[in-house]
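Asker: show me how the following folds:
(one chain, ligands or ions: 1)
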Amino acid sequence: MSKEQFVLELEKIGAIKFGSFTLKSGLVSPFYFDLRDMISYPAILDGVADLLVERIKDMKFDVLTGIPYTALPIASLVAAKLNKPLIYMRKEEKAYGTGNNVIGKFEKGAKCLVIDDLITTGASKIETAEGYEKEGIVIKDFVVVIDRSANGTEELGKQGYQLHSLISLEEIVQLLKDKDLITAEKVKEVEEFTTSLTKSAKKEKYINPLTKKLLDKMNEKKSNLVLSLDVTTQTEFFGMLDRVGDQIVMLKTHVDIIDDYDENFVPKLQEYANRQNFLIFEDRKFADIGNTVRHQFRNGVYKIADWAEYVTVHMVAGELILKGLFEGIENRAGFVLARMSSKGNLLNETYTRKCFEAAKKNPQWVAGFIGYGNSVEDIKRFKAKFPGNELLMMPGVKKEKGSDSMGQQYITIEEAVGGGADCIIVGRGILKADDPGMEAKLYSERAWKAFQKRINS
Ligand code: 5BU
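Answerer: Below you'll find the predicted structure:
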């Protein structure tokens, strides 16, 4: 089957449609592609498998996969025709046992070629690659049947992947126009739609005022060190600030761990913040329904909203938590917990993606994300998916890699910042040092140097 015949067959079975379709994102698209039903037409399935074989037969790979569900049967047929082993990833992560998220036989380090039916933004491809990479499989290339994206090649390219496609949207439009299967007017609509997508992909991104405030303070103080001041008395708290306050851009508190908290604590903290020139961030990790977090933030003993400009927010209750927290108050924003540093935490990739989606919809309330990665590469990939100009705040940082006995994991200052952390959040690395003042200076200088190096490269 030729490419042209294949496109005409798809049109006949309704897999390619032109009209007016509302997408998940709310956008109205003049075309709609859905290749799911193709498996019920053996001649078409066989035809596309042959076309894919032709496209990939000279590429170097050890195993082949298809992204479930649509592309998996296609990849099976291609693998059989090429006499290559097939593997695939469970759609749901296994919640127990020793992993085994990949089905099929493969060697660690095997190079895997990924087949998919369509590409729109590239986000799900990147997620797939990360899943495989975690299992020791190397991904470099993706092959899609139809490229309908505005900038998929660039998005995958940024992450070091190469996109190959059988047919582009433009080719389909051209062919159907030549065969008088769509009107010139429709062709124009498609062109306008794709141009507007490309433009919006490149549009200048909004900067949250509290993101900017932190960036300005970092540049003013030449520090991207956030101190996590996890001590339990006011004497220790302010005693430590006397020694380290000048080195930090921001202080992270857990106000509820101060045994002798009283009404003097906040005014004193504010006096230090003014004098030592740092911002205040309460790591409260709000996680309840909007109405409850609104009270937890604004009322009670601590009245956090009165003094903490930044707070941490879990997304487990849904994105309206942001409205509950920040609606109607000025100069406050959240750091959304997109990934955690503790071993065995339950924030998986889908959850992380949902955090990004929530931030994208509510940029006025999100200054950044809390995130962790176990290598420079891992952090880079994570950061590349941020929807806008949010900052990456990273806990789990020490001078040396390691862990504690209660699940905390650490990477080094240079790995964290080199990968993409904008600020490092450090507690015990400084608090437990013989000379916390000197140690804070050292962390601050190393993190700032790594930050300058990354920005300038
Ligand atoms: P440490 O002493 O540097 O391990 O302290 C790290 C701090 O960051 C501590 O206050 C934690 O509550 C906080 N933290 C974290 O370690 N990991 C996370 O994923 C998040 C917060 Br979210």
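Asker: please tell me how far the residue lying closest to Glu127 once chain neighbours are set aside sits from the ligand.
Answerer: Among residues not flanking Glu127 along the chain, Glu349 sits closest, at 5.4 Å (CB to CB, 6 or more residues apart in numbering). Yep, even glycine has a C-beta here, placed from its N, CA and C like the rest. Using CB to the nearest ligand atom, to the nearest Å, one obtains 16 Å as the distance from Glu349 to the ligand.
Asker: same deal with Gln270?
Answerer: Here the distance between Gln270 and the ligand works out to 21 Å (CB to the nearest ligand atom).
Asker: so Ile146 makes contact with Gly152?
Answerer: No. Under the criterion of CB atoms under 8 Å, Ile146 lies out of contact with Gly152, with a separation of 10.7 Å.
Asker: residues that sit against both of those two, list them.
Answerer: Overlap between the neighbourhoods of Ile146 and Gly152 consists of Ile119, taking contacts as CB atoms under 8 Å, 6 or more residues apart in numbering.
Asker: tell me the contacts of the residue nearest to Glu127?
Answerer: Residues in contact with Glu349 (CB under 8 Å, 6+ apart) are 127, 130-131.
Asker: change it to 10 Å
Answerer: When contacts are counted by CB atoms under 10 Å, 6 or more residues apart in numbering, Glu349 touches 93, 126-128, 130-131, 134, 339, 382, 385.
Asker: of those residues, just the buried ones, PyMOL syntax please.
Answerer: In PyMOL, the members of the contacts of Glu349 classed as buried (16 or more other CB atoms under 10 Å) are selected with the following command:
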select buried, resi 126+127+128+130+131+339+382+385
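Asker: and the stretch 201-350 of the chain, which residues reach the ligand?
Answerer: Counting by CB under 6 Å from any ligand atom, the positions of the stretch 201-350 of the chain adjacent to the ligand are 228, 230, 254, 283, 312, 337, 340-342.
Asker: among those, who's most crowded?
Answerer: Note: the member of these with the most neighbours is Leu337, at 26 neighbours, neighbours being other CB atoms under 10 Å.
Asker: isn't that residue right up against Ala358?
Answerer: No. Taking contact to mean CB atoms under 10 Å, the distance of 11.3 Å between Leu337 and Ala358 leaves them out of contact.
Asker: who touches both of the two?
Answerer: Both Leu337 and Ala358 are in contact with 313, 315, where contact means CB under 10 Å, 6+ apart.
Asker: quick one: the nearest residue to Gly160 once chain neighbours are set aside from the ligand, how far?
Answerer: On the basis of CB to CB, 6+ apart, the spatially nearest residue to Gly160 that is not a chain neighbour turns out to be Lys140, at 7.6 Å. For Lys140, the distance to the ligand under the criterion CB to the nearest ligand atom works out to 31 Å.
Asker: what's the mean pLDDT across the helix or strand harbouring Lys140?
Answerer: Lys140 is located in strand 138-147, with elements delineated by DSSP states H and E. In this model, strand 138-147 has a mean pLDDT of 96.
Asker: also stretch 72-91?
Answerer: For stretch 72-91, the per-residue pLDDT values average out at 95.
Asker: and that stretch, what's buried?
Answerer: Going through stretch 72-91 with 16+ other CB under 10 Å, the ones that come out buried are 72-79, 82, 84, 86-89.
Asker: strands of the stretch 201-350 of the chain, residue ranges please.
Answerer: Using DSSP state E, counting those that start in this stretch, the strands of the stretch 201-350 of the chain run over 225-228, 250-253, 279-286, 310-313, 333-337.
Asker: in a markdown table, list those strands along with mean pLDDT.
Answerer: Below are the strands of the stretch 201-350 of the chain laid out as a markdown table (pLDDT from 0 to 100):
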| stretch | mean pLDDT |
| --- | --- |
| strand 225-228 | 98 |
| strand 250-253 | 98 |
| strand 279-286 | 98 |
| strand 310-313 | 98 |
| strand 333-337 | 98 |
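Asker: can you add distance to Leu269 and give those strands back as CSV?
Answerer: As requested, those are exported to CSV (distance: least, CB to CB, whole Å):
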stretch, distance to Leu269
strand 225-228, 13
strand 250-253, 8
strand 279-286, 7
strand 310-313, 14
strand 333-337, 19
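Asker: those strands: which one's closest to Ala43?
Answerer: Of all these, the one in closest proximity to Ala43, counting by CB to CB, is strand 333-337 (48.7 Å).
Asker: so what are the sheet partners of that closest one and their directions?
Answerer: Counting by DSSP bridges, the strands paired with strand 333-337 are strand 310-313 (parallel), strand 366-370 (parallel).
Asker: in the stretch 351-457 of the chain, what residue lies closest to the ligand?
Answerer: Nearest to the ligand in the stretch 351-457 of the chain, going by CB to the nearest ligand atom, is Gly427, at a distance of 2.6 Å.
Asker: in space, what's closest to that residue - neighbours in sequence excluded?
Answerer: With sequence-adjacent residues excluded and distances taken as CB to CB, 6+ apart, Gly427 is closest to Ser228, at 3.6 Å.
Asker: so what's that neighbour bridging to?
Answerer: Taking DSSP bridges as the rule, Ser228 bridges to Lys252.
Asker: from Ile370, how far off is it?
Answerer: In this structure, Ser228 and Ile370 are separated by 11 Å, where distance is defined by CB to CB, to the nearest Å.
Asker: now do the shared contacts for those two.
Answerer: Common contact partners of Ser228 and Ile370 (CB under 10 Å, 6+ apart): 283, 395, 425.
Asker: burial count for the nearest residue to the last one once chain neighbours are set aside?
Answerer: Think Ile425. Nearest in space to Ile425, with sequence neighbours left out and distances taken as CB to CB, 6+ apart, is Pro395 at 4.1 Å. By other CB under 10 Å, the residues close to Pro395 number 26.
Asker: ok, Pro395 - contacts?
Answerer: Pro395 makes contacts with 226, 228, 252, 283, 312, 337, 340-342, 370-372, 408-410, 416, 421, 423-427, as judged by CB under 10 Å, 6+ apart.
Asker: try it again at 8 Å.
Answerer: Pro395 is in contact with 228, 341, 370, 372, 424-427, counting by CB under 8 Å, 6+ apart.
Asker: now, which of these sits nearest Ile103?
Answerer: Tyr372 (28.5 Å).
Asker: what residues are up against that closest one?
Answerer: Applying CB under 8 Å, 6+ apart to Tyr372 gives the contacts 339-341, 394-396, 409, 411.
Asker: next, it: secondary structure please.
Answerer: Using DSSP: H, G, I helix; E, B strand; the rest coil, the secondary structure recorded for Tyr372 is coil.
Asker: state the distance from it to Trp448.
Answerer: Here the distance between Tyr372 and Trp448 works out to 20 Å (CB to CB).
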